[in-house]
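1. requesting a structural model of the entry that follows:
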Amino acid sequence: MTRSARLLSAFLAVLVLAPAAVQAGPPLICHPVDIGGAPSLPWGSGPGWNTPQSGYDHTRLVTDTLALLTPSAPIRVRMETLRRATVYAMDDPNRGRELLARLEERARDAGSGKGGALALFDAGYLIEAYKESRIITGRDIVDPARDGEAMVREARHRREKDPDMEYAVGLIASGKPSAKSSR
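-> Numbers count the residues shown, from 1 in each chain. Sure, this is the predicted structure:
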């Protein structure tokens, strides 16, 4: 192969593979959700996905997260808040488990209305984010056999035609190995 052909091949490989490299990492954790100026958990200003605010008091994680996940909070704000909560919980797994227990309690108590769908979404999305956190930390915050994806799908079913719920379901699925790659 001539030198120019090798250079052209290398250039084409970079063009094809670079977008995949930019999107590397578990999607629920490593891909921040754009929420504009909407309120969420405190966050630093550095580049990348892992910029929690230094000095944030982890003892406030459960209270702060629950206060942000109101019935009026949009799905994408919920997703980013739960992503940030997961990053904080990666350093404080017991606090993370406490948050999940409170969200699951909310889901049980909320019933089948709009609030119930949102509570179910929050608990399911957090379960899936915690499962992805194992890729980074090597520790389990939640039993990997838990099926948060089914909870999010049920929440989507309850809130028909919600494009942000569809986006969340797709994002969860994108972080799972495909049947083809697991053979």
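
2. for the lengthiest helix in the chain, buried residues please.
-> If you go by DSSP state H, the chain has its longest helix at helix 114-137. By neighbour count on 16 or more other C-beta atoms under 10 Å, the buried set for helix 114-137 is 116-133, 136. Where C-beta positions appear, they are placed from N, C-alpha and C, glycine not excepted.

3. which elements pack onto that helix?
-> Helix 114-137 sits against helix 27-30, helix 75-90, helix 93-110, helix 148-158, helix 163-174, with contacts defined as 3 or more C-beta pairs under 8 Å, 6 or more residues apart in numbering; DSSP states H and E.

4. low pLDDT regions in this protein?
-> 1-23, 177-183 (pLDDT under 70).

5. kindly export the longest helix of the chain (C-alpha atoms) in CSV.
-> Extracted C-alpha coordinates of helix 114-137, given in CSV (Å, rounded to 0.1, in the frame of the first residue of the first chain):
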residue,chain,number,x,y,z
LYS,A,114,-49.2,11.4,36.3
GLY,A,115,-47.3,11.7,39.6
GLY,A,116,-47.1,7.9,39.8
ALA,A,117,-45.5,7.7,36.4
LEU,A,118,-42.9,10.3,37.3
ALA,A,119,-42.1,8.6,40.6
LEU,A,120,-41.7,5.3,38.8
PHE,A,121,-39.5,6.9,36.1
ASP,A,122,-37.3,8.5,38.8
ALA,A,123,-36.7,5.2,40.6
GLY,A,124,-36.2,3.2,37.4
TYR,A,125,-33.8,5.7,35.8
LEU,A,126,-31.8,5.9,39.0
ILE,A,127,-31.5,2.1,39.2
GLU,A,128,-30.2,2.0,35.6
ALA,A,129,-27.7,4.9,36.3
TYR,A,130,-26.4,3.1,39.4
LYS,A,131,-26.0,-0.1,37.4
GLU,A,132,-23.9,1.9,34.8
SER,A,133,-21.8,3.4,37.6
ARG,A,134,-20.3,0.0,38.3
ILE,A,135,-18.4,0.4,35.0
ILE,A,136,-16.6,3.3,36.5
THR,A,137,-16.2,2.4,40.1
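
6. and the angle from that helix to helix 75-90?
-> Orientation check (axes from the mean of the first three to the mean of the last three C-alpha atoms, to 10 degrees): helix 114-137 against helix 75-90 gives 40 degrees.
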